[in-house]
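*Asks:* Could you look at this predicted model? Sequence included:
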Amino acid sequence: MEFPTFPPDFLWGVSTSAFQIEGATKEGGRGPSIWDTFTATEGKVARGENADVAADHYHRYPEDIALMAELGVDAYRLSIAWPRIQPTGSGRPNPAGLSFYDKLIDAVCEAGIAPVVTLYHWDSPQVIEDDGGWLSRGTADRFAEYAAILGARFADRVKLWIPLNEPMVMSIYGYAIGEYAPGKTLLLDAIPTAHHQALAHGKAVQALRAAGATGVGTANNHSPVWPAADTPADRAAGAWLDALINRLYADPVLLGSYPEELHPYLPEGFADDLPAIAQPLDFYGVNYYEPQGVAAPGEGNPLPFELRPIEGYPMTTNDSPIVPHGLRELLVSFHERYRDRLPPVHITENGCSFADEVDADGTVRDPERVDFLAGHLGAVREAMDAGVDVRGYFVWSLLDNFEWSKGYAPRFGLVHVDYETQRRTPKDSFHWYRKLVRHE
Ligand SMILES: O=C(O)[C@H](O)[C@@H](O)[C@H](O)[C@H](O)CO
């Protein structure tokens, strides 16, 4: 398959997150996180699985970095586990936690790869949640304290910084529908968690900049919203859902405002926080997986919309429709909506899961993943040709890993992980991506 061409300084990367790969949850002074609590709660995760060991990256990071060096990527997006740095969610940092990430970040740099650090990928210290978590405004200040610690320690080596991974997923899956930790089912009453995360983002950007950090942005999950029918009712439902899953997270950081229709659900005095939230950014990170279908709500539905499946497209084993042109549509719509308020864009996550297996000859055939990546990179190229300033692309994920409440069945890695032996096996997609990023 033909490779789309990209500028020589385009940033090629891979992404992971701490809780999904590190394991060693009780080592190095790490405190419990909301996901440790969630995985230990019956019925929350498929097959009762947990991430106590995961891909054991905590001990095997040198091997994983060697795989990235082999791949030839320019950058590696990792996350730092807040409960490793502040086991009780505040106060003096845990020296063992800092030194683990010192070793990890140094090894990434020594391999000639630029570290891209996410400060928060959903693993809040349990103590923070006991004090209200993202329902509490105070969590934004505790997050700023945490950000200052990381800035002071790592700003000399980190290329790009991302305060929060996908606040939308945290608010909706964690607080609105309870599918993820902390497992609350507040529906629209979860919207204040979006505001408190936005405030935490703004305060963290300020703390990082004060520590000398450059290259600060986001990693927001976005989906184009597709009404089921071209009717006024379905279009209205679509506009509402677009506000809830896209604009609620993009508008405050890019425009310093919130969608009107959500004002009644935001905490009192939210407008006073908007200047602190709308910090100038060096890039806008987009995580894209699929479009979202929607229709007008049926009888008795308290919500102003109803989700609908997207049909007529091939599917991943994680029940996601494969729609590359949805990414072009999303990027062009952002370009048109935010214009000069949209900084250069990085695709901070894009990927797919399939039931990959190691064949008898030791290879892992994943042609669907190659097609997925080529299709989405083609869409990125088309968006760039349409004027969108995209500067980089990060595959989700380097390794197969713990896919939250779905456990280990969905495999998103370019590298297969045997969770019995921890053996890593590069898949065909790994070799395909290697050729692309090495311009071979
Ligand atoms: O986008 C997300 O939900 C997260 O950032 C990742 O942690 C997921 O594992 C990945 O996206 C696959 O679902």
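*Replies:* Yep, that arrived.

*Asks:* Tell me, how many residues neighbour Gly387?
*Replies:* 10 (other C-beta atoms under 10 Å). (Glycine included, C-beta is placed from N, CA and C.)

*Asks:* Backbone dihedrals for it, please?
*Replies:* Dihedral pair for Gly387: phi 110, psi 0, per degrees, to the nearest 10.

*Asks:* who touches it in this structure?
*Replies:* Counting by C-beta atoms under 8 Å, 6 or more residues apart in numbering, Gly387 makes contact with Val332, His335.

*Asks:* Mind listing the residues bridging to the residue in the stretch 201-350 of the chain positioned nearest to the ligand?
*Replies:* Of all residues in the stretch 201-350 of the chain, Asn287 sits closest to the ligand, at 4.9 Å by C-beta to the nearest ligand atom. Beta bridges link Asn287 to Asn221, Glu349, judged by DSSP bridges.

*Asks:* doesn't Glu349 make contact with it?
*Replies:* Yes: here Asn287 reaches Glu349: they are 3.7 Å apart, a contact under C-beta atoms under 8 Å.

*Asks:* any residues in contact with both of those two?
*Replies:* Contacts common to Asn287 and Glu349, judged by C-beta under 8 Å, 6+ apart, are Ala219, Asn221, Trp396.

*Asks:* near the ligand, which of the residues you listed show up?
*Replies:* With C-beta under 6 Å from any ligand atom as the criterion, those include Asn221, Trp396 near the ligand.

*Asks:* possible to save the shared contacts of Asn287 and Glu349 as a markdown table with neighbour count and pLDDT?
*Replies:* Output for those, formatted as a markdown table (neighbours: other C-beta atoms under 10 Å; pLDDT from 0 to 100):
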| residue | neighbour count | pLDDT |
| --- | --- | --- |
| Ala219 | 27 | 98 |
| Asn221 | 21 | 98 |
| Trp396 | 23 | 98 |
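
*Asks:* now, which of the shared contacts of Asn287 and Glu349 sits nearest Val332?
*Replies:* Proximity of the shared contacts of Asn287 and Glu349 to Val332 (C-beta to C-beta) peaks at Asn221, which lies at 17.9 Å.

*Asks:* hey, what's the closest residue to Val390 other than its chain neighbours bridged with?
*Replies:* What sits nearest to Val390 in space, not counting adjacent residues and going by C-beta to C-beta, 6 or more residues apart in numbering, is Val345, at 4.8 Å. Val345 forms beta bridges with Tyr284, Val390, as assigned by DSSP bridges.

*Asks:* I figured Val345 hits Arg391, correct?
*Replies:* Yes: using C-beta under 8 Å, Val345 is in contact with Arg391, at 6.8 Å.

*Asks:* residues shared between the contacts of the two?
*Replies:* Shared contacts of Val345 and Arg391 (C-beta under 8 Å, 6+ apart): Phe283.

*Asks:* what's around Asp123, how many residues?
*Replies:* Neighbours around Asp123, by other C-beta under 10 Å: 26.

*Asks:* Touching stretch 241-256 from outside, list them.
*Replies:* 167-168, 172, 191, 194-195, 198, 201-202, 218, 220-223, 225, 257-259, 261-262, 274-275, 277-279, 281, 284, 292, 294, 305, 307, 334, 338, 341-342.

*Asks:* Tell me the buried residues within the residues you listed.
*Replies:* Among the contacts of stretch 241-256, those classed as buried by 16 or more other C-beta atoms under 10 Å are 167-168, 172, 191, 194-195, 198, 201-202, 218, 220-223, 225, 258-259, 262, 274, 277-279, 281, 284, 292, 294, 305, 334, 341-342.

*Asks:* Check the gap between the residue lying closest to Ala181 once chain neighbours are set aside and Trp396 for me.
*Replies:* Nearest non-adjacent residue to Ala181, counting by C-beta to C-beta, 6+ apart: Phe38, 3.6 Å away. The gap separating Phe38 from Trp396 is 21 Å, by C-beta to C-beta, to the nearest Å.

*Asks:* tell me the pLDDT at Pro302?
*Replies:* At Pro302, the pLDDT value in this model is 88.

*Asks:* residues contacting the residue nearest to it when sequence neighbours are not counted?
*Replies:* With C-beta to C-beta, 6+ apart as the criterion, Pro302 has its nearest non-adjacent residue at 7.2 Å, and that residue is Leu187. Leu187 is in contact with Ala176, Ile177, Pro302, Leu303, counting by C-beta under 8 Å, 6+ apart.
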